[in-house]
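*Asks:* just a sequence and a predicted model for now, questions to come.
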Amino acid sequence: MSAQPGLFIAFEGGDGAGKSTQVRLLADAVVLAGREVVITRQPGGTPLGQSLRELVLHGDHMSARAEALLFAADKADHVEQVIRPALRVGSVVITDRYVDSSVAYQGAGRDLGADEVQRLQTWAVDGLLPDLTVIVDISADEGRRRRGEVHDRMESEGDDFHEAIRSHFLAMAAAEPERYLVVDGTASVEEIAEQIADRVRELGIDL
Ligand code: TMP
């Protein structure tokens, strides 16, 4: 838990799952409920993060460990500069991707080992866990169809890579159901938003 006055919610899922739409809808609902909201994303939630995003998603080939370290650097900066200060003043912070993306993409997708990547990431964010992580679940096949022709370094990987990531997200959620909500990314936008709102109400926000 964030152990701070604010509330910390992360969205995770495969590329093309529709996370960003749900991040916006939840943020709008939370603002209507009268709470301060900070929407952010990883990688790229700070000026340093923007440069790291460009390198890691649109740069040349790099080793898997270098990739994991760049994502970890983005998270370290993001947590210190944006997320913790916002939680400290009681805001609801909604991030489009967080630590679990690295555990799934670098740990399971790149085969670096989920436990090791989890340790690296936990160190980078100084132990800050979301109060709730929403996984928008989608098959590799459906994700590829929705993304169309434009691909970054991760998106251009094959379906095996994306299915490994999907399985890992689902396994993380199954292991700690109290910290996760899994929604079916093929349901309607409104249906998904309602399921998320129901769960966020349980966290004390009067949506
Ligand atoms: P997105 O911002 O459009 O979701 O793209 C971010 C991409 O980076 C996506 O393919 C997932 C990947 N990623 C990682 O591999 N590791 C990470 O730690 C994070 C935050 C994202």
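*Replies:* Cool, the structure landed. It should be emphasised that the depicted structure is a prediction, and the values quoted were computed from it without experimental measurement.

*Asks:* so who does the most centrally placed residue in the chain touch?
*Replies:* In the chain, the centroid-proximal residue (CA atoms, centre = their mean) is residue 97; its distance is 1.7 Å. The neighbours of residue 97, taking CB atoms under 8 Å, 6 or more residues apart in numbering as the test, are 10, 11, 12, 19, 41, 42, 43. Every C-beta, even on glycine, is put in place using the N, C-alpha and C of the backbone.

*Asks:* try 7 Å this time
*Replies:* 11, 12, 41, 42 (CB atoms under 7 Å, 6 or more residues apart in numbering).

*Asks:* cool, residue 200 as well?
*Replies:* With CB under 7 Å, 6+ apart, residue 200 has these contacts: 26, 207.

*Asks:* name the helix or strand of the protein that has the lowest mean pLDDT.
*Replies:* Scoring the helices and strands of the chain by mean pLDDT, DSSP states H and E places helix 140-147 at the bottom, with a mean of 92.

*Asks:* coming back round to it: torsion angles phi and psi at the residue nearest to the centre of the chain?
*Replies:* For residue 97, the backbone dihedrals (degrees, to the nearest 10) come out as phi 90, psi 150.

*Asks:* which parts of the chain sit against the ligand?
*Replies:* Residues of the chain lying near the ligand by CB under 6 Å from any ligand atom: 15, 41-43, 57, 71, 97, 101-102, 105-106, 154-155.

*Asks:* quick check: the farthest pair among the residues you listed?
*Replies:* Using CB to CB, the residues of the chain next to the ligand span at most 17.3 Å, a distance reached by 41 and 106.

*Asks:* ok, those two, which is more surrounded?
*Replies:* Set residue 41 next to residue 106 and count neighbours by other CB atoms under 10 Å: residue 106 wins out with 27 against 18.

*Asks:* hmm, the more buried one is touching residue 113, no?
*Replies:* No. The criterion here is CB atoms under 7 Å, and residue 106 misses it with residue 113 at 9.2 Å.

*Asks:* farthest pair within the contacts of residue 97?
*Replies:* Top of the distance list for these (CB to CB): 12 and 41, 11.6 Å.

*Asks:* distance-wise, check the spatially closest residue to residue 4 that is not a sequence neighbour relative to the ligand.
*Replies:* Nearest non-adjacent residue to residue 4, counting by CB to CB, 6 or more residues apart in numbering: residue 87, 4.0 Å away. The spacing between residue 87 and the ligand, counted by CB to the nearest ligand atom, to the nearest Å, is 19 Å.
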